[in-house]
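J.: sequence plus predicted model, see below.
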Amino acid sequence: MSSDSLKDRGKAFEDAFCREHDAQLLEALRKKLVAEDKKALLAEATGVSDDELLDRMEAAGIEVETLAAFSLYPMIAVAWADGVIHTNERGALLSAAEQNGIAPHDPNYEVLKNWLDQKPDEHLHDAWAAYIQAVCAAIEPASAKSLKNEVMGKARHMAESAGGILGIGNKVSKSEEVVLARLERAFD
């Protein structure tokens, strides 16, 4: 085999390697740009500019398309407090979703259904708490208090929806009280 033939083959292998490597670099760049676009859209939709918080929200699977479901997290957390979602809790959550404009076949609805079928990961609570803290820091104290009252009122209503026996007794269980207290701490 001639030296030129070996050089040609070597050059062909080198070119093939470079094309493959370039394609991998281009794919990585494309993914990075898509992630940056998603992050920018999330920042615009939420008013959050803290990169770390946006990263936490993204890591928890929150996107612009799923923000409405994310707003229902406190109710989800309370519903899962005892380790199972009861029929009336499920109904209350789906009703709350409808009131928030979440319709079937909407990405928010699919996320919510997943959270009804499987308890969300702890990262979701951490992302929600950080988000609430950032929102409260960015608004007037009176508005933050109003937001807290609204969110905690809905969460407490969720806790009361499954409690008591025949409408008698304490409607909020100890495990639900623990979750409610944890949610409330996020506002402080």
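T.: Nice, thanks for sending it over. Numbering: from 1, shown residues only.
J.: please count neighbours and contacts with C-alpha atoms only from this point.
T.: Noted.
J.: contacting residues around the most centrally placed residue in the chain?
T.: Centrality entry for the chain: nearest residue to the mean C-alpha point is residue 62, 3.6 Å, by Cα atoms, centre = their mean. For residue 62, the contacting residues are residue 70, by Cα atoms under 8 Å, 6 or more residues apart in numbering.
J.: distance of it from residue 86?
T.: In this view, residue 62 and residue 86 are 25 Å apart by Cα to Cα, to the nearest Å.
J.: ok, how many other residues are close to residue 139?
T.: 12 (other Cα atoms under 10 Å).
J.: look up the pLDDT of it for me, please.
T.: Listed pLDDT for residue 139 reads 81.
J.: tell me how far it lies from residue 45.
T.: 15 Å.
J.: likewise for residue 66?
T.: In terms of Cα to Cα, residue 66 sits 11 Å off from residue 45.
J.: phi, psi of residue 118?
T.: With angles defined as degrees, to the nearest 10, residue 118 sits at phi -140, psi 130.
J.: burial count for it?
T.: 13.
J.: got it, and residue 117?
T.: 12.
J.: helices of the protein, start to end?
T.: 3-46, 51-59, 67-70, 73-79, 87-99, 107-117, 122-138, 141-161, 174-185 (DSSP state H).
J.: least confident of these, on average?
T.: Mean pLDDT values for the helices of the chain show the minimum at helix 3-46, a mean of 63.
J.: how does this structure divide up, domain by domain?
T.: Taking automatic domain parsing as the reference, the chain has its domains at 1-46, 49-185.
J.: most tightly surrounded among those?
T.: domain 49-185 (a mean of 17; mean count of other Cα atoms under 10 Å).
J.: so how far does that one reach from one end to the other?
T.: Terminal residues of domain 49-185 lie 22 Å apart, using Cα to Cα.
J.: equivalent analysis for stretch 90-106, please.
T.: First-to-last distance for stretch 90-106 - Cα to Cα - comes to 17 Å.
J.: how far is that stretch from where the chain is centred?
T.: The chain centre lies 16 Å from the centre of stretch 90-106; the measure is Cα atoms, centre = their mean, to the nearest Å.
J.: what's it in contact with?
T.: 68, 69, 72, 75, 76, 108, 109, 110, 116, 158, 161.
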